[in-house]
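Asks: Below is the structure, and that's it, no one-letter string:
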């Protein structure tokens with residue numbers, strides 16, 4: 001029965017994607033849904049941006065092993081990111097009426113910065129897409145014994161279809177439906193497990209001392225720097241990411257864009273805590289769950305110790321979460337590839353119909369890269385970590401400086417991207433007690449300051 005439900009759910013997702021395709025007439029419709037989305041759709045989409053394999057399967061295992069300090073990056077950093085987007089970024093970027101972050105870099109700096117930023121944005125999504133495909137394949141393998149490689153191909157084909165035909169319209173509609181399924185499924189399972197343990201007070205009494213400690217256990221510089229790095233990996237690093245940006249720009253107005261970011265931050269902080277509670281309760285009730293693949297802790301718990309009703313609710317929620325994240329992660333770099341790398345090659349001659357076709361072909365190319373990487377690597381947490389740091393060290397400083405520092409210019413932006421990425425990459429191979437992304441961020445800041453002071457040309461200098 002569970003397998004039948006999963007098949008039905010996947011078929012329904014395909015149907016919704018096909019239905020959404022009738023709203024796509026232009027590249028603007030494909031990329032940002034024609035800026036027609038109400039607040040509940042935009043908030044659901046922003047919430048679904050990262051609520052996928054990392055949150056349900058990765059963060060829950062980290063929480064069980066390391067307590068609250070193990071999940072600062074997600075969900076707390078992710079909730080912080082959405083809040084900051086609403087407070088500082090949604091309004092000024094919405095007013096520009098653009099499709100991608102690289103469009104912003106062209107307007108604020110010049111075409112060369114646009115091109116370089118696109119080169120950094122696109123690869124940052126490959127690991128993220130691969131992580132979602134790996135998670136989907138693991139789920140299908142656990143409930144239907146589908147071989148891992150075939151699971152990757154099946155899941156990629158489904159996401160590819162509805163993203164290809166419907167673009168942001170498909171993503172927005174499916175995100176809204178899937179968010180409702182996520183909340184219902186996780187809420188029911190959380191309440192049932194907490195009840196089995198004996199209530200929240202009983203859960204607290206059966207956890208180790210300092211399990212819920214929220215600040216570093218050691219009062220040292222390196223501990224606090226690592227703690228800060230955990231907050232900003234997603235908290236700052238995901239601000240200049242195209243999937244978040246597209247969902248924000250799909251709003252009907254800038255006020256809706258801002259309010260949606262705040263609501264999604266609250267949703268993320270509350271809903272993303274449910275998998276943590278589920279995993280903790282599961283290990284209290286069933287001591288054997290810690291053995292084996294930690295990524296499968298919650299799925300194994302549900303399969304072995306829950307009735308068919310709970311299984312349907314949970315796996316519906318899990319598939320919803322991962323599909324939502326994966327579709328947005330494919331659409332984002334595909335839009336940048338079409339808009340900022342391929343479109344300029346045609347100059348002014350390109351029609352909107354041609355651009356729409358290019359974006360759809362880009363969706364296919366990006367998906368194939370994600371499939372290849374997912375077959376090469378299968379650790380969800382590692383894949384997500386690789387995708388988060390690049391945008392922090394390369395794109396965050398040029399974005400913030402461009403919006404809030406009048407002296408920021410093209411040379412500063414280019415040096416910021418190159419130095420930030422170069423220094424981060426160096427310290428990835430030659431590790432120190434300070435996380436590599438901190439060194440990369442400092443280098444990015446230094447590059448922006450030095451480049452902007454040297455040339456003193458804050459405006460576009462094509």
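Replies: Yes, it's here. For clarity, every value in this text was computed on a predicted model and none was experimentally measured. Numbers count the residues shown, from 1 in each chain.
Asks: State the pLDDT value of residue 6.
Replies: Per-residue pLDDT puts residue 6 at 82.
Asks: from memory it sits against residue 143, does it?
Replies: Yes. If you go by C-beta atoms under 8 Å, residue 6 and residue 143 touch, sitting 6.6 Å apart. C-beta here means a position set from N, CA and C on the backbone, and glycine is covered the same way.
Asks: which neighbours do the two share?
Replies: residue 315 (C-beta atoms under 8 Å, 6 or more residues apart in numbering).
Asks: Which residue would you name as the spatial centre of the protein?
Replies: Note on the chain: the residue nearest the mean C-alpha position is residue 50, at 3.5 Å, using C-alpha atoms, centre = their mean.
Asks: Checking my notes, that one in a strand, right?
Replies: No. Residue 50 is assigned coil when assessed by DSSP: H, G, I helix; E, B strand; the rest coil, not a strand.
Asks: What are the phi and psi values at the residue nearest to it when sequence neighbours are not counted?
Replies: Of all residues not flanking residue 50 in the chain, residue 78 sits nearest, at 5.0 Å (C-beta to C-beta, 6 or more residues apart in numbering). Residue 78 adopts backbone torsions of phi -70, psi -40, taken as degrees, to the nearest 10.
Asks: same check, this time on residue 434
Replies: phi -90, psi 130.
Asks: Show me where the stretch 301-450 of the chain has its helices.
Replies: Applying DSSP state H, counting those that start in this stretch to the stretch 301-450 of the chain gives helices spanning 308-336, 343-346, 352-376, 380-394, 396-404, 410-429, 436-455.
Asks: helices and strands around the last one, which ones?
Replies: To tie it back to what came earlier, the one meant is helix 436-455. helix 221-235, helix 380-394, helix 396-404, helix 410-429 (3 or more C-beta pairs under 8 Å, 6 or more residues apart in numbering; DSSP states H and E).
Asks: Adding mean neighbour count and distance to residue 136, write the ones you listed out as a markdown table.
Replies: Shown next, in a markdown table, are the helices and strands packed on helix 436-455 (neighbours: other C-beta atoms under 10 Å; distance: least, C-beta to C-beta, whole Å):
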| stretch | mean neighbour count | distance to residue 136 |
| --- | --- | --- |
| helix 221-235 | 18 | 21 |
| helix 380-394 | 23 | 11 |
| helix 396-404 | 22 | 29 |
| helix 410-429 | 21 | 28 |
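Asks: and the ones you listed as JSON lines, adding distance to residue 349 and mean pLDDT?
Replies: As requested, the helices and strands packed on helix 436-455 are exported to JSON lines (distance: least, C-beta to C-beta, whole Å; pLDDT from 0 to 100):
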{"stretch": "helix 221-235", "distance to residue 349": "40", "mean pLDDT": "92"}
{"stretch": "helix 380-394", "distance to residue 349": "31", "mean pLDDT": "69"}
{"stretch": "helix 396-404", "distance to residue 349": "29", "mean pLDDT": "96"}
{"stretch": "helix 410-429", "distance to residue 349": "26", "mean pLDDT": "94"}
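Asks: Let me know which of the ones you listed is the nearest to residue 167.
Replies: Minimum separation from residue 167 across the helices and strands packed on helix 436-455 (C-beta to C-beta) falls at helix 380-394, 21.5 Å.
Asks: ok, back up a step: do I have it right that the residue nearest to the centre of the chain meets residue 237?
Replies: No. Counting by C-beta under 8 Å, residue 50 does not reach residue 237; the two are 11.3 Å apart.
Asks: Need phi/psi at residue 215.
Replies: phi -120, psi 160.
Asks: ah, wrong one, I meant residue 433
Replies: Dihedral pair for residue 433: phi -70, psi -30, per degrees, to the nearest 10.
Asks: how much space between it and residue 123?
Replies: 28 Å (C-beta to C-beta, to the nearest Å).
Asks: what residue ranges in the stretch 251-400 of the chain are flagged as low confidence?
Replies: Within the stretch 251-400 of the chain, the segments meeting pLDDT under 70 span 290-295, 348, 377-388.
Asks: circling back: show me what contacts the residue nearest to the centre of the chain?
Replies: So residue 50 contacts 74, 78, 234, 238, 268, 325 (C-beta under 8 Å, 6+ apart).
Asks: Determine the longest helix present in this structure.
Replies: Ordering each helix of the chain by length in residues (DSSP state H) puts helix 148-197 first.
Asks: Direction-wise, compare it with helix 352-376 and give the angle.
Replies: 80 degrees (axes from the mean of the first three to the mean of the last three C-alpha atoms, to 10 degrees).
Asks: And helix 148-197, how far out from the chain middle?
Replies: Taking C-alpha atoms, centre = their mean, to the nearest Å, one finds the center of helix 148-197 at 14 Å from the center of the full chain.
Asks: quick one, that helix and helix 308-336 angle?
Replies: 130 degrees.
Asks: quick check: mean pLDDT across helix 148-197?
Replies: Rounded mean pLDDT across helix 148-197 is 88.
Asks: Residue 182 and residue 277: what is the separation?
Replies: When residue 182 is compared with residue 277 (using C-beta to C-beta), they lie 15 Å apart.
Asks: How about residue 244?
Replies: Counting by C-beta to C-beta - residue 244 and residue 277 are separated by 26 Å.
Asks: With residue 167 instead?
Replies: Residue 167 sits 35 Å away from residue 277, going by C-beta to C-beta.
Asks: Out of those two, name the residue with the larger neighbour count.
Replies: residue 167 (31 against 20; other C-beta atoms under 10 Å).
Asks: Contact partners for that one?
Replies: Residue 167 is in contact with 24, 29, 30, 31, 33, 331, 359, 360, counting by C-beta under 8 Å, 6+ apart.
Asks: how near is the residue nearest to the third one when sequence neighbours are not counted to residue 17?
Replies: Counting by C-beta to C-beta, 6+ apart, residue 167 is the residue found nearest to residue 30 once chain neighbours are left out, at 3.4 Å. Computed with C-beta to C-beta, the distance linking residue 167 and residue 17 is 10 Å.
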